[in-house]
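Visitor: quick one, fold the following:
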Amino acid sequence: MTLLPNERYILHWLSQYGALPKSQIIRLLYDQPPNSAERTIQRLKKNCYLTDVGGYYLGLDEVCKPDQRLITAVWVLLRFIQHVHPMAHYPATFPSQLFFLKENVGYEIVVLYEGESHLTRLLQVQEDLKYIIVLPNVEMARRLVLPKVPCLFAIVDFEGSDEPVITFYSEEMISNGA
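Guide: Numbers count the residues shown, from 1 in each chain. Sure thing, here's the model as predicted:
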């Protein structure tokens, strides 16, 4: 079977990130209507290229383990996806989860849990690189030691639904008491 470009994209993403929620795969294919993306997924499943993992996720095989930090980072990426080429996002180096290129600027998404403020000290300053730091709450941002590069903060709140609400804060908003 010759794979179509969108089928190759899905297989590439799942090989990089492991199991992802089906809703994320559909959203990553932003230039396709959801029903068309659904048909692409069904074709890949029918030809045994991917499978359901735990009933909610899609993976290359049943033993793929979803990485919740990476899944959270993909939700943040999806806010920018219309400006990101399908092959211009990748797993990043610890402590970051995901790297993407948007308009020739690199962004790294770092998902931190409570008590992990110290991990920002590991972030490297690079030209044309910005960080999006995902936190459990906005108060945690005030306790971080940040690299001398632009940082944006994000709070990901599922509010009881499958797709989260993502709120972004700038460094200025944090320092002004947002």
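
Visitor: show me the strands in this structure, by range?
Guide: Per DSSP state E, the chain carries strands over the ranges 20-21, 51-53, 57-59, 89-91, 98-102, 105-111, 129-135, 151-157, 165-170.

Visitor: out of those strands, which gets nearest to residue 38?
Guide: strand 57-59 (11.4 Å; Cβ to Cβ). Where you see a C-beta, it was placed from the backbone N, CA and C, and this is true even at glycine.

Visitor: now render the strands of the chain as TSV, adding mean pLDDT.
Guide: As requested, the strands of the chain are exported to TSV (pLDDT from 0 to 100):
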stretch	mean pLDDT
strand 20-21	96
strand 51-53	95
strand 57-59	96
strand 89-91	96
strand 98-102	96
strand 105-111	96
strand 129-135	96
strand 151-157	95
strand 165-170	93
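
Visitor: I'd like the ones you listed as JSON lines, with distance to residue 3 and mean neighbour count appended.
Guide: Listed next are these as JSON lines, based on distance: least, Cβ to Cβ, whole Å; neighbours: other Cβ atoms under 10 Å:
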{"stretch": "strand 20-21", "distance to residue 3": "18", "mean neighbour count": "21"}
{"stretch": "strand 51-53", "distance to residue 3": "16", "mean neighbour count": "17"}
{"stretch": "strand 57-59", "distance to residue 3": "16", "mean neighbour count": "22"}
{"stretch": "strand 89-91", "distance to residue 3": "19", "mean neighbour count": "17"}
{"stretch": "strand 98-102", "distance to residue 3": "23", "mean neighbour count": "19"}
{"stretch": "strand 105-111", "distance to residue 3": "28", "mean neighbour count": "21"}
{"stretch": "strand 129-135", "distance to residue 3": "31", "mean neighbour count": "21"}
{"stretch": "strand 151-157", "distance to residue 3": "32", "mean neighbour count": "18"}
{"stretch": "strand 165-170", "distance to residue 3": "31", "mean neighbour count": "14"}
